[in-house]
Structures are given as structure tokens and as C-alpha cells.
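In: no FASTA, just this:
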């Protein structure tokens, strides 16, 4: 643009992944191997039926198909009922609203109060999900009450949902990135090795079998903020549903299976006896819940999908999702030990681990000695507790130790990153950590903790995720005691961050899994620095040790977003906390279950009404096929790892007229060289073949027929194909704002962006094209449009869209050929004085925002702040960890 330099050569991809392997993640698999044979075959005579799914549902609510909103009288009648049950106030408040004179009559409602609405929901809306029942578990001669559903009926409801039909994975597949089948890809559960192995076993005994992987999630949650009210929900989903469906509550791919007892058994005074009884109680309850899986897993059970096709399905427990305490509870291992392998507590810090995984056959052999004199000794020998009948003992094809999967939320964010933050705080000190945190530049993806982070208590997983995005910037330019090198500290910190971000990839290959293991090995080779600096005595941390098994789990069950407890945490809101708030807080569980059942009916009916409306529209258009309500959901495709972003601007500018004087004022927008830069842009746009000197000469002579411009303060970025209308990134550009008394209301903010730098070689062929070379970081000082009435005079013959939104950029130095050797981040500097180069570029050349770590130069300068650090600091490092998509793209 303004400086003619050679573009930098891209280095390796994040974590050292080879570029070709990195790019492969964003493309459809070149070669797919299906299991073949009779796997997933429908039963004889079963074919897709027109009278299934929503048509079957319609026959139950309105046999005559005359009323689109039946059993409600009208659209208003239905939508008010939907609002009341899903979004509305309390039952009493809604009844009082309808009791206001004239409301019921004027709206023409079919219900006068909440009770009558509930009767309509209970009696006239079909129930596509099983009802809860009260069950009892017997432990130590004492009965305990719990509430659960039939696990097979829950699985049947998910399998038969009309919304899920088009997405069901029936058989396992092997996906490869190359036709030679040397690089395997893993994403959804059906691409992993576990499903293929189970299918092989079933085909030997029951040809034509369909595997139904059962995924159970369990996590105790607090229902109230200040009282000791807890719930112990168990959630169920099936691996036949793609992970994109399972993890979004709006797709209803998860179902509440049970509420387990939450008693602490305070009447048992001996703590050891109480712990044993609690473990036995858990397994007794889960045995009741999972008991139907024993026979069905062996003999199969017929399941009919939403299209009317029936298959013999074998429900098999595949994955257990839970935090470390639940993992220990489920496997029967001891707290402090690994629930996956036989590694004793004192060997948890050894790398690589030489201990074998727990052998489920040996565990079952020991468990058969229950009620014998040898039982306790046999259990102790293999490192498990003497549990009375663990629930997985009778489950076919289940290896509970293999079913324990990685957990990004609790193992990495709430575990390893939590420890890393603690270690760095001990090394740097609270004051320096807080000083640096408070002085980081703002960004859409970066939360600025204006009071620091050392005083935070009970840090959530979301907060740890936010801290992980800038934690590497906290160790830049730190000074260690006795002048010790920071190389190991930086490398260890970066290795854990690389592991965190690569582990979250939504598609993995054999190559990226090798890099994941390499990152872990790098941390272990450098971890002694934390001991040397007194931040840690040892690394006997189960959650850190369990990072060893991420690669193995991904190969078995697909990527970690198949079984992350973040989904469970979200379900707690809908299935536990909201349900509790809807009760009167007395004997709450029966009320919670009734509230949930009604909510599920209303949600199901909402999907049906949407289908009816789409069907009515299709019938109005001749030749158009009847759609399903699921048509709005995209069928599976490779996740957009690069996350291609599209700009979204407001229809009207933030300020309609801003004078050129204000735009170029250092006290306002600070676009000091706006008019010369705009002149060069217009000249080069009209005459792309001119030399640089010719461009400068013509730009000086150019006169603009306006003295003010419309200005925008925000650029939003979206990816509607994958993330709907969510704002994934944004750039804020605004001067400071003061009130009438001169008090500061909002500080100035001019974000930095990653910009496509061009040779401005324009190709005019059916529009405008361009040849791109490389990226560069710039600070955005103004976003504006040219007055429409002058566009033709400035650029005759060019489409108006090119000049619709323009951006004034002040450049940082170009990227170096390779990242900085010490920090493995790209170092850039602000260009000042005569070298303060600025340009005007079209909006479409703004790729995304970019976050910068200041080069502290030692202790964080006291006069720096989050608002002025971009101006005060002269050198920066590009933050690769701003968010997962930036990590994937910046290399």
C-alpha cells in the first residue's frame, strides 16, 4: 500500500501442525469408509411412512386438520399460552392478568386461568416424552426415593423425534483426509473407533443391528444461591444425533432422565461409613435407572424413527460425562487416583505414564466376590472401592473405564488453567498480575477485569476461559529472581494453552492428535520451573495427569465437543434451576417434574405449529415439497474451523454528519491523515496502473466537494451459515464521550484489526476482483461513507458498493517472517512520526479484530491504562489465543 515490502512467508500452523494437515481440517473428508454389510438395516417390511412424525401428531391434536393451532382456538390463544408456559410470570400472576375485566373476553381465549390452561396442556397435547415416576432404592435396609423416567422410552423419544430424523447416524464410518487413507479424521461419535468395534461385535451375534450409543451426563447443582438446596439431575442423549444437535438446547437433543437423591445421610456419624453408603446409594439408584439397558443391549429393542422406519437398536452405554468427583464415584476408584488407569497417586506426575488402564474384566471378577471374605482384599488389590453392585456391572458391551471422557470445562478450564493462574500469581505477585490485567487493550473477545483478578473468589469456568485468552500476555517481559531465564516458564505456559486450544478443535486428524501429545510432552519437559520458583511442590494432580488420555478418547468417541460438561451446565438452567423457581419450594421435586413435562409438551407443540405453517406455505406454491420444521437446520458438514466472517453494518450511521475537522482532530477521532489517504485511495482506485509517485501527485491535486462525512462506530462480524445471527466479533471506533458538565461518560476506543494488505491490482471483470497478498495489523480510527451524490464524480464506472463503507487505518509494522523466538508470537510495533503511515481501505478488507499484548519492558508502567496502552506502548505481540478461531487462523 504505502510501503512496498515483500510479504512474509507463513510459518507452521498453530502448535507446529504442518500446513497441509492444518488446512485439511476445514474440508470435507476425501474418502469415507462405511461399515457396510447389514449394519443398520431396517426390519423386514419397514419402509418410510407418510403417516408418521408430525402427521401422526396432527391426527392426535386435530383429526380434521381444520385448525392450525388446535387444541387452541386461534394463533393468539396459542401464542399467549406458549408465552405463559415458557416465558411468562408465575402461575398466580398469569391468573390475575386473565382475571382483569375484559382481558379473557377481548382476546377470545380458551382458558380463564392457569389451572384451565394446565388442563389443556395435560389432557389435549400429546406427550412425546415419557412421564416421571417415583422409584425407590434400597441401601443398608433403608429406602431412598428418587424420580426417574424409563431410559428406553427416553431413548425412543429422541430417536423418534421428527426433528431428528434427517440427522440420525445409523452406522459407523471411517473418515480420511486423503484417498490413500493415511490421515484419519475424527469429529462426530460415529467416526470414532468405539462405535466400529461395538458394531463388529454385534454383527457377529445379530446381523443387521443398529448401535444406539447412550451418553449419560451427571452433575450435582445448587438450586438456590444462599440455601443448601441441591439437585442431582441425570441427562441422557444418544450418539446417533450429531454433536451440533446434541449440544444446542433449542434442538432438544438432551432429555432429563432422573433426579437422584441428594441426602447427605447426616444420621450416619462415622464419615467413612457415610462415604461408603453414599457411594452405594448412588450405584443403587443408577442401577434402577439403567436396568432396562441390560436386556435391550443384548437382544435389541425396536425403535421407529420419525419417518416411520423401524430398526432393531442395541442401546449401549458409550460415554459418561461428569466432573472428577463423579468420575471417581462412577468407577469406584479412590479420590486422588486416576479413574482411568491403575496409576497410584504418588505417580501422577510421571510422564509418560507406564501404568495400564483399569481392566474392567478384573474389576468384574472382583465384584463377583461380593458378600465373601475375599471381597475387600480383591477390590483393594486392583485399586477400587468395595462397592455394592456398581450400576455398570450388568451392562453389556460396557467398559466403564473407557467411558470416562475428557472434560474441557472441569479438567482444563476449572482444573489445569486454574492451577496455572495460581502458579503465575505466586511467581509474579498479586500486584503485578492485577496491574497487567487492568492495562490490557480492549477487544470484543477479551474481558477487561478493571479490578484485577487476584481478588476474585469462586472463579467460574467462563471466567477461567476469559483469563486463558490473555494469560500468556501476563508473562511477557517478567523478571525472575536471580536473573533466571524465563524460557521454560513461557514455554510451559504456552504448551498448556496450545493443549487447551487444540483439544477444542471440532475436527481432529491423526496429525493434530500427534501435535496435541507434543504440547503435553513440552509442558512436562518444562514444568520443573514452577517447582524451582516455589510455585509448586509437586504435580500430583489427577486432572493434569488425565490429559494423557485426550488423544485416546478422541480416537474412540470423536472430538471433545461430543462430551463436554459445558452442555450439562447449560441444561441445569432449564431442567433444574428454572424448574425449581417455578415451584413453591416445598416438596419441590414433584412440582418440578410436572413443570418440565408441561414445558416439553409446549415445546413439542411449538415445533409442530411451525411445521404446519411451513407446510401451508409449501401448499400455496405449486410443485414445492412439504418441508419439515428442521429445514432451518443445516445438515452435517465440516465445521468452519477458519470461521469465515461477514461484515454486518447498521442501516444508518451512528452520526450522520461529522466534520472533517473533527475527524482529523487528535482530541477526537484522531484520523490525522484522513484526506491525503482518501485521496490516494480514490486515485489508485480509478487508475490502478499508476506508479507510487504519480499517485501522490494526483492525490495532492484532488479536491473533495464535501466538508463532513457520515460515520459508523461499530463493525460487527457474523457467520450466519454456522452461528445464525450471533455476533462473533466486533470492532469499536469511537472518541471519548462527556456529559454536559464535562464529566467522562465513556472513554475513547479505537480497536485494532487484521487487514488484508493489497497491491491494489484491480481486475475489472463482471465486477471487481483483487489479488491479495498478506495481512497486516492496523488501528481503526474511522469508519465512514462518502456522500452518495458525489460518488459518480469521484469514481465513475465503479459500483457504489465499493465505496459504501470505507475504513481509515493507521498501520503497525509488518509481520516478520517468523514469530519471536522467545514467545512464539509475532511482534509488531507502532509506526510513529514520519513513519506513521495511514490508509483508507474498503470495509471488506477488514478480516477480524485482533488483540495485542503490550511489551511491558519490565514492571507494568503505572501511567498505562486499558484506554491508553495502544498509544503509550510502542511494541506489541499479537495474541494468538484471543478465541479459538483466531488461534486456528493466525500463523
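Out: That came in fine, so what should we check first? The structure presented is a predicted model; accordingly, all values stated were derived computationally and were not measured.
In: wait, residue 548 touches residue 352, no?
Out: Yes: Residue 548 is in contact with residue 352 according to Cβ atoms under 8 Å; the separation is 7.4 Å. All C-beta atoms are positioned from the backbone trio N, CA, C, and that covers glycine.
In: between those two, which one's more packed in?
Out: Neighbours per residue (other Cβ atoms under 10 Å) separate residue 548 from residue 352, with residue 548 holding more: 20 against 9.
In: doesn't that one belong to a helix?
Out: Yes: assignment of residue 548 by DSSP: H, G, I helix; E, B strand; the rest coil places it within a helix.
In: mind starting the numbering at 706 from now?
Out: With 706 as the first residue, the last one maps to residue 1253.
In: ignoring the adjacent residues along the chain, who's closest to it?
Out: Using Cβ to Cβ, 6 or more residues apart in numbering and skipping residues adjacent in sequence, the residue nearest residue 1253 is residue 1058, 5.4 Å away.
In: ditto for residue 829
Out: Residue nearest to residue 829 in three dimensions, not counting chain neighbours: residue 776, with 3.9 Å by Cβ to Cβ, 6+ apart.
In: next, count neighbours for the one you found.
Out: Count around residue 776 with other Cβ under 10 Å applied: 18.
In: contact partners for it?
Out: 766, 767, 815, 825, 829, 830 (Cβ atoms under 8 Å, 6 or more residues apart in numbering).
In: by pLDDT, give me the weakest of these.
Out: On pLDDT alone, residue 767 ranks lowest of the contacts of residue 776, at 81.
In: low-confidence ranges in the stretch 1156-1305 of the chain?
Out: Judged against pLDDT under 70, the stretch 1156-1305 of the chain has no low-scoring part.
In: strands along that one, start to end?
Out: Per DSSP state E, counting those that start in this stretch, the stretch 1156-1305 of the chain carries strands over the ranges 1213-1214.
In: among the contacts of residue 776, name the buried ones.
Out: Listed as buried from these are 766, 767, 815, 825, 829, 830; burial here means 16 or more other Cβ atoms under 10 Å.
In: got the phi/psi numbers for the third one?
Out: In terms of degrees, to the nearest 10, the main-chain angles of residue 815 are phi -100, psi 10.
In: host element of residue 1132?
Out: Here residue 1132, judged by DSSP states H and E, is contained in helix 1122-1133.
In: in that helix, what counts as buried?
Out: Buried residues in helix 1122-1133, counted by 16+ other Cβ under 10 Å: 1122, 1123, 1124, 1125, 1126, 1128, 1129, 1130, 1132, 1133.
In: and of those residues, the nearest to residue 1322?
Out: For those, the closest approach to residue 1322 (Cβ to Cβ) belongs to residue 1122, at 48.6 Å.
In: next up, the contacts around the closest one.
Out: 1169, 1172, 1173, 1176, 1201, 1205.
In: neighbour-wise, which one of those residues leads?
Out: Counting by other Cβ under 10 Å, top hit in the contacts of residue 1122: residue 1201 with 25 neighbours.
In: that one against residue 1229, yeah?
Out: No: with contact defined as Cβ under 8 Å, residue 1201 and residue 1229 do not form a contacting pair (10.5 Å).
In: other SSEs contacting the helix or strand just after the helix holding residue 1132?
Out: Per DSSP H and E, the first helix or strand lying C-terminal to helix 1122-1133 is helix 1135-1143. If contacts are counted by 3 or more Cβ pairs under 8 Å, 6 or more residues apart in numbering; DSSP states H and E, helix 1135-1143 sits against helix 1122-1133.
In: do me a favour and average the pLDDT over the helix it packs on.
Out: Averaging pLDDT along helix 1122-1133 yields 97.
In: also stretch 1391-1400?
Out: For stretch 1391-1400, the per-residue pLDDT averages 89.
In: pull the distance from it to the chain's centre.
Out: Here stretch 1391-1400 is found 47 Å from its chain centre; the criterion is Cα atoms, centre = their mean, to the nearest Å.
In: so which bits of that stretch are buried?
Out: Across stretch 1391-1400, burial judged by 16+ other Cβ under 10 Å covers residue 1400.
In: now the terminal residues of that stretch, how far apart.
Out: End-to-end distance for stretch 1391-1400: 10 Å, by Cα to Cα, to the nearest Å.
In: any stretches of the stretch 706-855 of the chain with poor pLDDT?
Out: In the stretch 706-855 of the chain, residues with pLDDT under 70: 706-717.
In: the same query, at a cut-off of 50, please.
Out: Across the stretch 706-855 of the chain, the ranges flagged by pLDDT under 50 are 706-714.
In: name whatever forms a beta bridge with the residue lying closest to residue 1578 once chain neighbours are set aside.
Out: In space, and not counting its chain neighbours, residue 1578 is closest to residue 1559: 4.3 Å by Cβ to Cβ, 6+ apart. Beta-bridge pairing for residue 1559 (DSSP bridges): residue 1581.
In: so residue 1559 versus residue 1296, what's the distance?
Out: 54 Å (Cβ to Cβ, to the nearest Å).
In: between the two, who's got more neighbours?
Out: Neighbours per residue, other Cβ under 10 Å: of residue 1559 and residue 1296, the larger number sits with residue 1559, 23 against 16.
In: number of nearby residues for residue 875?
Out: Burial of residue 875 is recorded as 19 neighbouring residues (other Cβ under 10 Å).
In: swap in residue 1437?
Out: 17.
In: which strands or helices does the longest helix along the chain pack on?
Out: Across the chain, the helix with the greatest residue count (assigned by DSSP state H) is helix 1293-1325. Packing partners of helix 1293-1325 (3+ Cβ pairs under 8 Å, 6+ apart): helix 758-766, helix 780-791, helix 819-829, strand 847-853, strand 960-964, helix 1283-1286.
In: now do the fifth one against helix 1293-1325, angle only.
Out: Between the direction of strand 960-964 and that of helix 1293-1325, the angle (axes from the mean of the first three to the mean of the last three Cα atoms, to 10 degrees) works out to 170 degrees.
In: so what touches strand 960-964?
Out: Residues from elsewhere that reach strand 960-964, judged by Cβ under 8 Å, 6+ apart: 834, 851-854, 856, 859, 862-863, 921, 936-942, 990, 994, 1276, 1280, 1294, 1297-1298, 1301.
In: of those, buried ones?
Out: Neighbour counting by 16+ other Cβ under 10 Å classes 834, 851-854, 856, 859, 862-863, 921, 936-942, 990, 994, 1276, 1280, 1294, 1297-1298, 1301 among those as buried.
In: just the helices from the stretch 1306-1455 of the chain, written as ranges.
Out: With helices called from DSSP state H, counting those that start in this stretch, the stretch 1306-1455 of the chain shows them at 1365-1368, 1379-1391, 1397-1406, 1425-1428.
In: and the ones you listed: which comes nearest residue 1263?
Out: helix 1425-1428 (18.0 Å).
In: which outside residues touch the closest one?
Out: Defining contact as Cβ under 8 Å, 6+ apart, one finds that helix 1425-1428 is touched by 1339, 1344, 1345, 1348, 1351.
In: go with 10 Å
Out: Here helix 1425-1428 makes contact (Cβ atoms under 10 Å, 6 or more residues apart in numbering) with 949, 1339, 1342, 1344, 1345, 1348, 1349, 1350, 1351, 1353, 1431, 1433.
In: I am finished for the moment; much appreciated.
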